[in-house]
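>>> quick one, what's the 3D model for this:
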Amino acid sequence: MTDAIPYTSFEDETKKKRKRKRGKTPLESTGAKESELQNPKEVIDLASVSLKEPIFIDVDDGRTKATNAGLQHGYCIVPSEKRFILLYSFLMKNQSKKVVVFYSSCKSVKFHSDLLRCVNVDCFDIHGEQKQQQRTTTFLEFCTAEKGILLCTDVAARGLDIRAVDVIVQFDPPDDPKEYIHRVGRTARGESGKGKEFIFLIPEEMQFIHYLTAEKVPVAEQQIRMNRLKNMQSKLEKMVEGNYYLHQSAREAYKSYLLAYNSHSMKDIFNVHRLDLRAVAASFCFCSPPKVNFNLTSSASKFRKKMHNLRGSRNGFSKSNPYGMQKGRDEIRQFVRH
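Take a look at the predicted model:
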């Protein structure tokens with residue numbers, strides 16, 4: 001399952017307070033609400049139960065950049081099967097820093113934290129399946145540490161004030177560009193804050209950069225020399241295959257990754273039917289895709305039909321569409337239920 005912060009109880013409490021204030025005059029009920037919520041629907045829902053005739057003021061109007069000037073944005077185009085090996089190499093080079101790594105699902109956080117510990121990389125982990133006390137303890141330990149690695153879902157990007165983070169790594173892309181901005185807000189805090197951010201993208205996801213640019217995010221590509229990455233795939237596959245707990249964790253993480261991908265809001269870029277499942281499985285240290293059951297709502301046949309209709313207008317590069325379909329990648333891979 002993907003991770004999310006539950007707002008239900010807070011909203012219910014707000015509605016109760018609103019009912020108690022209905023007897024007051026409009027002047028007595030006048031108030032203001034300041035919100036960090038990035039989702040417009042959440043802001044509107046909150047305003048509808050707490051304010052009368054609300055007026056929305058966007059503090060970002062007129063900004064030339066969506067993030068602090070001290071934050072350096074980078075993206076890496078990496079084959080799916082090399083994603084973990086690239087992450088491992090990156091973390092080994094930044095052992096003296098505080099690094100936060102974002103994932104799309106709780107299962108992925110659990111698996112990758114276990115896998116990193118198996119290869120002698122200490123890390124913290126926070127996700128929505130943990131009890132609140134455990135999340136709080138881990139959060140405080142990471143905050144007080146001079147260096148360290150925190151693996152987390154978007155639960156850590158909502159309301160948690162993590163100081164002195166040097167680097168943000170988005171191992172799994174966010175659901176939309178605004179969520180990207182909220183994630184990277186964990187570093188380069190304050191006017192003079194400095195920090196770095198890297199997002200991992202597979203070749204099929206390159207068009208996401210176009211949307212980040214439209215949101216005033218100055219992102220630059222970081223070249224990777226794949227031949228210099230440590231050759232450890234075979235070792236990782238044997239490690240997962242030989243450890244029952246790690247194997248089950250990898251299997252659940254693989255399934256959750258595909259389910260999260262299938263639920264992505266930007267399906268023109270992140271569509272599960274275009275994934276090379278063997279390459280995805282390799283990123284979770286499998287030599288072949290594991291057998292898992294899915295209840296996917298999207299139809300492979302509908303997707304192929306839609307892409308066939310779009311090919312005429314999105315089959316090349318241009319200034320307006322710099323990350324269109326690439327030559328050699330116009331075939332559509334059918335999603336196979338294993």
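>>> so where's the stretch 1-150 of the chain uncertain?
Applying pLDDT under 70 to the stretch 1-150 of the chain flags residues 1-70.
>>> residue 179 is in contact with residue 215, correct?
No: using C-beta atoms under 8 Å as the test, residue 215 is too far from residue 179 to be in contact (10.6 Å). Every C-beta, even on glycine, is put in place using the N, C-alpha and C of the backbone.
>>> just the helices in the chain please.
For the chain, applying DSSP state H gives helices covering 8-20, 40-50, 83-93, 106-118, 132-144, 177-184, 208-214, 233-241, 244-262, 277-283, 300-310.
>>> residue 271: which of those helices is closest?
Distance to residue 271, taken as C-beta to C-beta, is lowest for helix 300-310 among the helices of the chain, at 6.2 Å.
>>> still on that earlier bit, residue 215 and residue 179: who's more crowded?
residue 179 (18 against 15; other C-beta atoms under 10 Å).
>>> quick one: contacts for residue 169?
Residue 169 sits next to 87, 90, 99, 100, 101, 102, 197, 198, 199, 200 when contact means C-beta atoms under 8 Å, 6 or more residues apart in numbering.
>>> pLDDT score for it?
Note on residue 169: pLDDT of 94.
>>> still on that earlier bit, which one, of the helices of the chain, ends up nearest to residue 72?
Of all these, helix 177-184 comes closest under C-beta to C-beta, at 10.2 Å.
>>> now for the closest one, which elements pack on it?
strand 167-170, strand 195-201, helix 208-214 (3 or more C-beta pairs under 8 Å, 6 or more residues apart in numbering; DSSP states H and E).
>>> again, 7 Å this time
strand 167-170, helix 208-214 (3 or more C-beta pairs under 7 Å, 6 or more residues apart in numbering; DSSP states H and E).
>>> of the helices of the chain, which is nearest residue 223?
Taking C-beta to C-beta, helix 83-93 is the member of these nearest to residue 223, at 12.2 Å.
>>> what does that closest one rub up against?
Residues outside helix 83-93 that contact it (C-beta atoms under 7 Å, 6 or more residues apart in numbering): 76, 78, 99, 119, 121, 149, 169, 171, 200, 224, 229-230, 232-233, 283.
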